[in-house]
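S.K.: output the structure for:
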Amino acid sequence: LFTFPNVVTFNYSEIGKEYALRSLSGNIYRRSLKEMRDSFIKKLVLSSSPALNTNFVALAILNQTGDLVFCKNGDQAWTFIHDARFFCEDVIYDNDLFYAVDKNGGVAVCDVHGENSPSVSIIERFETPRIFGGDMQYLVKSGDDLLLVTRYLDLGYEDGDPYNSPTVFYK
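M.R.: Numbering: from 1, shown residues only. Model prediction:
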C-alpha cells in the first residue's frame with residue numbers, strides 16, 4: 001500500500017495512524033493499518049492472471065478519492081490515471097482496455113499498455129442512455145457486448161412486502 005501515489009509515508013511505530021496520505025486538496029491525513037486494509041481500495045482488476053501471464057497490469061479504484069491508479073508487473077509504484085478522475089463506480093478489463101464508469105453512466109476507456117502515460121478517451125454521455133437517480137453503476141461483459149448496469153437501491157412496497165427496485169441494463 002505504501003507504493004500508491006497518494007501515500008506520503010508509512011511508519012509502523014505510529015500505532016493507529018501508520019499511514020500518512022495526501023488528499024486531492026494537498027492536505028495530509030492519517031489512516032491506521034486496519035483502515036487501509038479494509039477501505040483504501042474499492043476495487044482491483046487484473047488484465048490477466050499473473051499465474052498465466054507475467055505481462056499483466058493491475059488497475060485499482062481508490063475508495064477515499066475515487067481516483068484510478070495502475071501498476072504494471074515490475075513497476076516499483078502505482079501511477080494515477082489523471083484524465084480518468086472520478087470514474088470511480090466500477091471498472092472492467094476487455095479487449096486490452098480498461099473501462100471505468102462514473103456515477104452518471106459516463107465511461108472512460110483507459111489504455112495503459114503504452115510506454116508513455118496512459119491514454120484515456122471518454123465515451124460521451126449522449127452515446128449512452130441518460131441515467132438519473134441510479135444508485136450504483138456497473139460494467140458487465142456478456143458475450144461480445146459490454147453492458148452498463150444501473151442499480152436502484154430504493155426500497156419499495158408491493159402488497160405490504162418490501163422489495164428492491166429493479167436493476168436496469170443498458171447495452
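S.K.: separation between the closest residue to residue 71 other than its chain neighbours and residue 33?
M.R.: For residue 71, ignoring the flanking residues on the chain, the nearest one in space by Cβ to Cβ, 6 or more residues apart in numbering is residue 78 at 4.6 Å. In short, each C-beta sits where N, CA and C put it, glycine included. Separation of residue 78 from residue 33 (Cβ to Cβ, to the nearest Å) stands at 18 Å.
S.K.: please say which of those two ends up with more neighbours.
M.R.: Per other Cβ atoms under 10 Å, whichever of residue 78 and residue 33 has more neighbours is residue 78, with 21 against 15.
S.K.: thought residue 5 was touching the more buried one, still the case?
M.R.: Yes: Residue 78 lies in contact with residue 5 (Cβ atoms under 8 Å); the separation is 5.8 Å.
S.K.: which residues are in contact with the most centrally placed residue in the chain?
M.R.: The residue lying closest to the centre of the chain (Cα atoms, centre = their mean) is residue 61, at 2.9 Å. Residues in contact with residue 61 (Cβ atoms under 8 Å, 6 or more residues apart in numbering) are 41, 42, 43, 44, 67, 68, 88, 90, 91, 100.
S.K.: and residue 112, by the same measure?
M.R.: 57, 59, 70, 72, 81, 98, 118.
S.K.: for this structure, what are the low-confidence residue spans?
M.R.: By pLDDT under 70, the weakly predicted segments of the chain are 124-133, 154-171.
S.K.: kindly recompute the last result at 80.
M.R.: Residue ranges of the chain with pLDDT under 80: 24, 64, 85-87, 115-117, 124-135, 152-171.
S.K.: circling back: ok, and the most crowded of the contacts of residue 112?
M.R.: Neighbour max across the contacts of residue 112 (other Cβ under 10 Å) = residue 98, 26 neighbours.
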